[in-house]
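Participant: have a look; sequence and predicted model below, questions after that.
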Amino acid sequence: MNNLNKTFFICGMLVLLCVASSSSALAFSFNPPNEKTGAPNENNCSQCHTGNTLNAAGGSLMLTTPDVYTPGMQYDIVVELSRTGQSKWGFQMTALNSNGARAGAFAISNGNTQKLEEANSRQYIEHKSASGTNRWTFKWTAPTADVGQITFYAAGNAANNANGALGDYIYTQKATSDSIAYGVALAGVGTLSKTANTGVETRYTLKVTNTGNTRDTIDLTTSGISSARLSQTSVALDANASTNVTLTIPGSALTSAGEYTATVTASSQGDSSKTAEITTTTTIPNVYGVTLAGVDSLTKETADSSTGVTYSIRVTNSGNTNDTVHLTTSGDATATISLSSISLNQGASRIVTLRISGTSLTGAGDYNVKVTATSQGDSTKTAEITTTTTVLPVYDIAIEGVGEVTSETDDASDGVSYTLKIANNGNTDDTIDLAASGTAATLSQTSVFLASGAAAEVTLTIAGDVLALAGPYEVKVTATSQGDSTKTVEITTATTLLPVYDIAIEGVGEVTSETDDASDGVSYTLKIANNGNTDDTIDLAASGTAATLSQTSVTLASGATAEVTLTIAGDMLALAGDYEVKATATSQGDSTKTVKITTTTTILPVYDIALEGVGEVTSETDDASDGVSYTLKI
C-alpha cells in the first residue's frame, strides 16, 4: 500500500518552548522557536526545559507517518504526546531528505497547528497554542519527485502548566518514509522438476514474495503449457510478505513422453516492469503399451467353413510414445494376419484382418486362435485376444457298392453276398444305422461308428433259401445318421435268379396192369411236377394205344404238382395183348425239357365163342332147287 503508517512511542515531551527563564516560558507557548526538533544540526527543547532527563520513562511520543510515499501524494500526519500528570502540550516537526534539506510540504488541517518557513530552507509545523490538546493532525504532501528516504523529526513538551521551564518533560522522535519500491520474487517450495505418469495431474508449490516496500498486488500467469492453472492468479501482499500458490499441470496436458515446461510469471501491479519468472519441468518417461479389441464379434458359428473365416481386430498403441507393434498368431487352426508389424503413433489405432484357413476347419467343434501383440519398444508389453470359431456339426453320409450290386444267376442255392461301403462325409464323428428292406437279407453290422471322413465296409447277404424262385430280388439298404436322422442314403441290390425249367411225371400208383376184362376201359393217374424255379405250363400228350388225358396242359407254380388221368377206352382193349400208352410232358418255358412215362395194359386171353344166325336160320320155301343158304355169325 502507498500509505502504510508507522507508530513510534518514546518517553518524553515535545518542547513547548525554549527559554532562559520561567518568566519567558509563557511567551513561547504560542510561538516556540524553530530548529528545536532534534533534527541534524538542530537542538531540542531540553536545552531550556531542564530538570528532567530527555525521553524520560513514563511518557510517550507517537508519530503516524507513511512508511513509503508516492511523489506528489498527500498524507495525513498524526502527532500524539502523553504523560500522566501533565496538562499542557506542545510539539514541533520538520521533514528532511538524506541531505538535510526540506522534503515535501506541510499543510494545516485545523486551527491548533501552524507552519513556519526558515532561512535554512526547512519547513516546520508546530502547535499553535499550548493547551490541553495532546494530539495534532495535519497534512503532508510528498515531494513531486523521488528524493529517496525522508525522515520526520519531532520534539514534544509535556508541561506542567507552571509558567516556567522546570517540571516539563521533553521527548523526541523520528520516523522514516521511503519512496515506494516495487519488487517480486518467485521460488519453488520443494522441487521444480518431477517425473510423472502419463495423464496424471502434477502439482508444484511456488512461493510468491513481495520484495517491494509497499503493499502490492501481484498478478500471476503461466506459459508453456496452455492448460496449466494456478490456485490464484493474483495475490495481495504486504511489503516483504510471502504466500504459496499451487501450479497444477493437468493430466490431459501430459499425454506423451517428453519434458513439459511451464513458466510462471509474477508481475507487480504497482510497477509492471517488476517481474519474476520460475520454470517447472515435468518429465514423462516413455511408456509402451498395446491393446487389442475386436471390431465386431470375436466368436462366429458356421456350418460351412470351406472358404475360411475372417475377423477384424483393432490394434491400439496405448503407450505415450510412437511404437512398432509385432503381431503373431497361435492356436487350434492355421491363421494369417494381414499385417505382422505396424508402426503406430501414440494413441493411434489400426485395423488388421485375421484369416483362418478353411482347410484348418475340417471338423465340427471350437477352434481358438490367439493373436498376440508385442511392443517393439518394450517386449514385456503385450496384449492378447482370442477368437473362437465354432464349426457346427454337418452330417453327411454315403453308401455305395464295392463292386457290382446287381447279379444274375440260375443257381443261388448258396446265397448271394454284396459288399457295401459306408462313408461319413460329414465334419464330425457319427454313428450310422443300417437297415435292409425288401427281400429278406442280413447285414454284417446294423450300425457303424465312423470318424469324419472315414469309411467302413459291411456285407449284405441273401440266403439261398430266399432265392428259390426265378425273378428279381431287390434289397434296399438304408443308412441313417444318428447325428441327424434326416440324413439318409439308400442303395438297392438287384439279384436276378434266372428261370430254370424242370419237370417230372410219374404214376400215382402202378402204371402197368393186367386184366381179362377191360370192357370198361382202363385209367391211370399221373402226377406232373414242376421242379423248376419258375411257374410253368406243361403240355401233355399221349401216344400209342388210343387214350385220352384229363388235361392236355397244366400250369404249375415252381415246386407244384398236379394229377391228370390217362384213360384208355374199353373198346380199345378188346383183344388180349399188351397195350402201351406213352404220356409226354413238355415245358412251355423250355420245350427241351420233356419227360415221358409209359403205361402198359395187358389184356389177358379169354376164350369164348358164339354162333348165331345172321338172320333166320329157319326157312320155308317151295323151291329149293337152288339150294338154301344161311349166314352164321361166329
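Facilitator: Arrived safely. Numbering: from 1, shown residues only.

Participant: what strand or helix carries the nearest residue to Ser242 once chain neighbours are set aside?
Facilitator: Closest residue to Ser242 apart from its sequence neighbours, by C-beta to C-beta, 6 or more residues apart in numbering: Thr209 at 4.3 Å. Backbone N, C-alpha and C define where each C-beta goes, glycine included. Assigned by DSSP states H and E, Thr209 belongs to strand 202-210.

Participant: sheet partners, orientation included, of that strand?
Facilitator: Its sheet considered, strand 202-210 pairs with strand 184-188 (antiparallel), strand 242-249 (antiparallel) by DSSP bridges.

Participant: I'd say the residue nearest to Ser242 and Asn240 touch.
Facilitator: Yes: the pair Thr209 / Asn240 is scored as a contact, 7.3 Å apart, by C-beta atoms under 8 Å.

Participant: so for these two, which sits in the more crowded spot?
Facilitator: Thr209 (19 against 11; other C-beta atoms under 10 Å).

Participant: bridging residues for that one?
Facilitator: Here Thr209 sits in beta bridges with Ala185, Ser242, as judged by DSSP bridges.

Participant: so where's this protein shaky on pLDDT?
Facilitator: Applying pLDDT under 70 to the chain picks out residues 1-31, 47, 119, 163-165.

Participant: show me where it has helices.
Facilitator: Ranges of helices in the chain, per DSSP state H, are 22-28.

Participant: and the residue nearest to Val147 when sequence neighbours are not counted, how many residues sit next to it?
Facilitator: Closest residue in space to Val147, ignoring its immediate chain neighbours: Asn97 at 4.7 Å, by C-beta to C-beta, 6+ apart. Number of residues near Asn97 (other C-beta under 10 Å) recorded here: 15.

Participant: surely Asn97 touches Asp146?
Facilitator: No: contact between Asn97 and Asp146 fails when scored by C-beta under 8 Å: they sit 10.3 Å apart.

Participant: list the contacts for Asn427?
Facilitator: The contact partners of Asn427, taken as C-beta atoms under 8 Å, 6 or more residues apart in numbering, are Thr362, Gly363, Ala364, Val391, Pro393, Val394, Ser452.

Participant: repeat that for 6 Å
Facilitator: Residues near Asn427 by C-beta atoms under 6 Å, 6 or more residues apart in numbering: Gly363, Ala364, Val394, Ser452.

Participant: repeat for Ile528
Facilitator: Ile505, Ile538, Val554, Ala562, Ala585.

Participant: select only the buried ones of those in ChimeraX?
Facilitator: Burial among these is assessed by 16 or more other C-beta atoms under 10 Å; the matching ChimeraX selection reads:
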select :505,538,554,562,585
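
Participant: turn the contacts of Ile528 into TSV, columns for distance to Ala333.
Facilitator: Shown next, in TSV, are the contacts of Ile528 (distance: C-beta to C-beta, whole Å):
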residue	distance to Ala333
Ile505	79
Ile538	75
Val554	76
Ala562	76
Ala585	78
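
Participant: tell me which of the contacts of Ile528 fall in strands.
Facilitator: Among the contacts of Ile528, the ones falling in strands (DSSP state E) are Ile505, Ile538, Val554, Ala562, Ala585.

Participant: show me the beta-bridge partners of the residue lying closest to the third one once chain neighbours are set aside.
Facilitator: Read it as Val554. For Val554, ignoring the flanking residues on the chain, the nearest one in space by C-beta to C-beta, 6+ apart is Ala562 at 4.4 Å. Note on Ala562: beta-bridge partners by DSSP bridges are Ile528.

Participant: ok, now how distant is Tyr124 from Asp516?
Facilitator: According to C-beta to C-beta, to the nearest Å, Tyr124 and Asp516 sit 213 Å apart.

Participant: give the buried residues for stretch 394-406.
Facilitator: Neighbour counts using 16+ other C-beta under 10 Å place Val394, Tyr395, Asp396, Ile397, Ile399, Gly401, Val405 of stretch 394-406 among the buried residues.

Participant: quick one: distance of it to the chain centre.
Facilitator: 47 Å (C-alpha atoms, centre = their mean, to the nearest Å).

Participant: hmm, who's touching that stretch?
Facilitator: With contact meaning C-beta under 6 Å, 6+ apart, stretch 394-406 is reached by 303, 418-423, 425-427, 430, 432, 479, 481, 483-484, 487, 489, 491, 493-494.

Participant: any quick ChimeraX command for the buried ones out of those residues?
Facilitator: Typed into ChimeraX, the line below selects the buried ones among the contacts of stretch 394-406, using 16+ other C-beta under 10 Å:
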select :418,420,422,423,425,426,427,430,432,479,481,483,484,487,489,491,493,494
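
Participant: filter the contacts of stretch 394-406 down to just the ones in strands.
Facilitator: Among the contacts of stretch 394-406, the members found in strands (DSSP E) are 418-423, 430, 432, 479, 481, 489, 491, 493-494.

Participant: check those and tell me the two furthest apart.
Facilitator: Greatest spatial distance in these: Asp430 and Ala494, 28.1 Å, computed using C-beta to C-beta.

Participant: which stretches of the stretch 451-600 of the chain form strands?
Facilitator: With DSSP state E, counting those that start in this stretch as the criterion, the stretch 451-600 of the chain has strands at 455-462, 471-481, 488-497, 503-507, 512-515, 522-530, 536-544, 548-549, 553-556, 561-568, 577-587, 594-603.

Participant: show me which positions of the fifth one end up buried.
Facilitator: Right, strand 512-515. Buried positions in strand 512-515, judged by neighbour count with 16+ other C-beta under 10 Å: Ser513, Thr515.

Participant: just the last one next, same as before
Facilitator: Buried residues in strand 594-603, defined by neighbour count with 16+ other C-beta under 10 Å: Val595, Ile597, Thr599, Thr600, Thr601, Thr602, Ile603.

Participant: reformat the residues you listed as JSON lines; add distance to Thr439.
Facilitator: Formatted as JSON lines, the buried residues of strand 594-603 follow (distance: C-beta to C-beta, whole Å):
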{"residue": "Val595", "distance to Thr439": "31"}
{"residue": "Ile597", "distance to Thr439": "37"}
{"residue": "Thr599", "distance to Thr439": "43"}
{"residue": "Thr600", "distance to Thr439": "47"}
{"residue": "Thr601", "distance to Thr439": "49"}
{"residue": "Thr602", "distance to Thr439": "53"}
{"residue": "Ile603", "distance to Thr439": "56"}
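
Participant: between which two of these is the distance greatest?
Facilitator: Distances among the buried residues of strand 594-603 were taken as C-beta to C-beta; the most separated pair is Val595 and Ile603, at 27.0 Å.
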